[in-house]
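Asks: Below: sequence and its predicted model.
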Amino acid sequence: MERIQPKSKSKEQYTREFVVSANEVQKTIGPPSYAGTVQPIREAVITNLIGMSDRRDPQWGMLWMILNTANAALFPGGPQAQIQPTAHPGDIIPWVQPTTQRDRENYMIGHVRDMERYENELAINEAMKDFILTRVDPVYFDALRRPRIGFKGVTLLQFLAHLATSYPATPEEKAEGRAKLSAPWDPTDHIATLFERIKKTLESLADMYNMATYLPSEFIEATYMAIQRTGEFNRDCEKWKRLPVASRTTEAQIRAFFLEKYEMWDVNKSLQDVGIAAQAERMAVLEQQNRDLQAKFVAHSAQAQVYHGFIDHAMSDMTENNGSAGGGAGGGDDQTMVSQLTHAMSAQTDAMMQAFQTALAANQSAQNSGGGSRNGGGGRSTGGRGRGGRGGRHTAGGRGQGGPRRPASDGPIGTVKTTKYWSKNDNCCWTCGYDISSLHDSTNCNCKLPGHITTHTGDNPAPGASTKDKEFSKWA
């Protein structure tokens, strides 16, 4: 029978196959520490060992070299019994009679297999030791160094044990690890991220305290408290506590329970977000309609102001003409026509104001029914809005369209009034005072301020009435 040669790998080949390369782990400058050296190196070694294939443990690869993967509680899917390092199979035994050909072939196959495993395990040990020595100065492993042969024969497990015992976690590092368990969880991050964070933190704490792993009760407590503190799953937390004890004692049970609750919450939250977006879009449309209505109102007000200016000017001219003509009938007809035009314009302005207020109120009602005001629920108040002067809008609330127009009775700007402008009548108005047109009094005033009293006359004055120009009247 032809001899079969073992197909072993070199340490260089294994190094190239590492999932985590040495350059991905920060090199320690100076003395090692647990958080900066021991923990990241241990995690990288575990990842690389799991990534290597071994027919004896398809699930966990070569991790058996440093941990007992036969512990089903910690390593589900692992081997039935703990795997031991392969011993050197020794030299090939010569073929002697009466060994059969089949027996000889089986022996040779087994010998080659054992030699391959032995050499591969040696290569992995050497590759992982080189990995560690590129991240930590070899001087910190002098306790393992042997005369003449250096680190030859020292196993990877011995390297990791030396790091763990020589550079344990400090009290501050342990406290920081425990604090991570209480870190808040944002439910907008999937709950799987919470499970993974707590698992890694507990594994790190177990390493710090030289424990094989964490207890299921530690995972359950940390997970429950992180979820409960969000305030989003209060009812689900109560349901969890009411479960039978046997249904809430394992890591798998709490994972399955809260994963289901989280997915229901996530769906409801997504639907709520869609509703809020639709409502915000509707509110934007209504607000734009409000702005359009206000713009139309401003335009109509400006137009009405121009018309009222024409009418005031016409009234002033007719008064002067009537005075020079001795109060002829023609002037009276003109005044009657202008008076009718004035009342028509006032009615048009009032109708326009009413339509604007109605439309604005309807829009405000639609906004409130769609979720209320975003700034505290308050609607828009007109605050005593009234019409002030024929030249513009006059408001008690301080909101006007250009402010009140200067009446003709006040005379030119910059002059001191010494006589009454409307000298042919004794009309007076609660809002406008005692120098007003014969067509104007408290009952038909178009400029009423809040609290305006229509029964006010010179002979029967009402409280709070304006005394403007009273000195020029017969009641001075």
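Replies: Thanks, I have it.
Asks: Could you tell me the per-residue confidence at residue 275?
Replies: You'll see residue 275 listed with a pLDDT of 53.
Asks: I should have written residue 405 there, sorry.
Replies: 58.
Asks: in this structure, which spans are strands?
Replies: Secondary structure of the chain (DSSP state E): strands at 385-388, 392-395.
Asks: Let me know the average pLDDT across the first one.
Replies: Meaning strand 385-388. Mean per-residue pLDDT for strand 385-388: 39.
Asks: Kindly check the end-to-end length of stretch 27-45 for me.
Replies: In stretch 27-45, first residue to last residue: 15 Å (CA to CA, to the nearest Å).
Asks: Next, the buried residues of it.
Replies: With burial defined by 16 or more other CB atoms under 10 Å, the residues of stretch 27-45 counted as buried are 28, 32, 34-45. Any C-beta I mention is one placed from the backbone N, CA and C, and that applies to glycine too.
Asks: and what of stretch 239-249?
Replies: residue 240.
Asks: What segments of this structure are helices?
Replies: Here the chain has its helices, by DSSP state H, at 11-16, 39-50, 101-135, 156-166, 171-181, 191-208, 216-228, 234-242, 251-325, 329-369.
Asks: between these, which gets the lowest average pLDDT?
Replies: helix 329-369 (a mean of 59).
Asks: so what's the residue lying closest to residue 259 once chain neighbours are set aside up against?
Replies: Sequence neighbours aside, residue 191 is the residue nearest to residue 259 in space, at 6.0 Å (criterion: CB to CB, 6 or more residues apart in numbering). For residue 191, the contact set (CB atoms under 8 Å, 6 or more residues apart in numbering) comprises 227, 258-259, 262.
Asks: Which of those residues sits closest to residue 112?
Replies: Nearest to residue 112 among the contacts of residue 191: residue 259, at 48.0 Å, using CB to CB.
Asks: Tell me, how many residues neighbour the closest one?
Replies: If you count neighbours by other CB atoms under 10 Å, residue 259 ends up with 13.
Asks: Residue 204 now?
Replies: Residue 204 has 21 neighbouring residues, counting by other CB under 10 Å.
Asks: Show the model's pLDDT score for the residue nearest the centre of the chain.
Replies: By CA atoms, centre = their mean, the mean C-alpha position of the chain lies nearest to residue 188, the distance being 8.7 Å. For residue 188, the pLDDT comes out at 91.
Asks: Residue 370 too?
Replies: Looking at residue 370, its pLDDT is 49.
Asks: Likewise for residue 469?
Replies: Note for residue 469: predicted pLDDT of 91.
Asks: quick one: it from residue 453, how far?
Replies: 18 Å (CB to CB, to the nearest Å).
Asks: which of these two has more neighbours?
Replies: Legend: neighbour count by other CB under 10 Å for residue 469 and residue 453, higher for residue 469 (21 against 14).
Asks: wait, what's in contact with the closest residue to that one other than its chain neighbours?
Replies: Leaving aside its sequence neighbours, residue 469 sits nearest to residue 435 (CB to CB, 6+ apart; 3.7 Å). Neighbouring residues of residue 435 by CB under 8 Å, 6+ apart: 409, 420-422, 468-469, 472-473.
Asks: how does it look with 10 Å?
Replies: 407-410, 417, 419-423, 425, 427-429, 468-473 (CB atoms under 10 Å, 6 or more residues apart in numbering).
Asks: buried subset of those residues?
Replies: Among the contacts of residue 435, the ones that count as buried by 16+ other CB under 10 Å are 407-409, 420-422, 427-429, 468-470, 472-473.
Asks: right, and the pair among the residues you listed with maximum separation?
Replies: Farthest pair in these (CB to CB) is 408 and 470. Separation: 18.2 Å.
Asks: picking up where we left off before, which one of the buried residues of stretch 27-45 is nearest to residue 157?
Replies: Ranked by distance to residue 157 (CB to CB), the buried residues of stretch 27-45 are led by residue 45 at 10.1 Å.
Asks: Buried residues of stretch 258-271, list them for me.
Replies: Buried residues in stretch 258-271, counted by 16+ other CB under 10 Å: 258, 261-262, 265.
Asks: What is the nearest of those to residue 180?
Replies: Minimum distance to residue 180 across the buried residues of stretch 258-271 is 19.2 Å, recorded for residue 258 (CB to CB).
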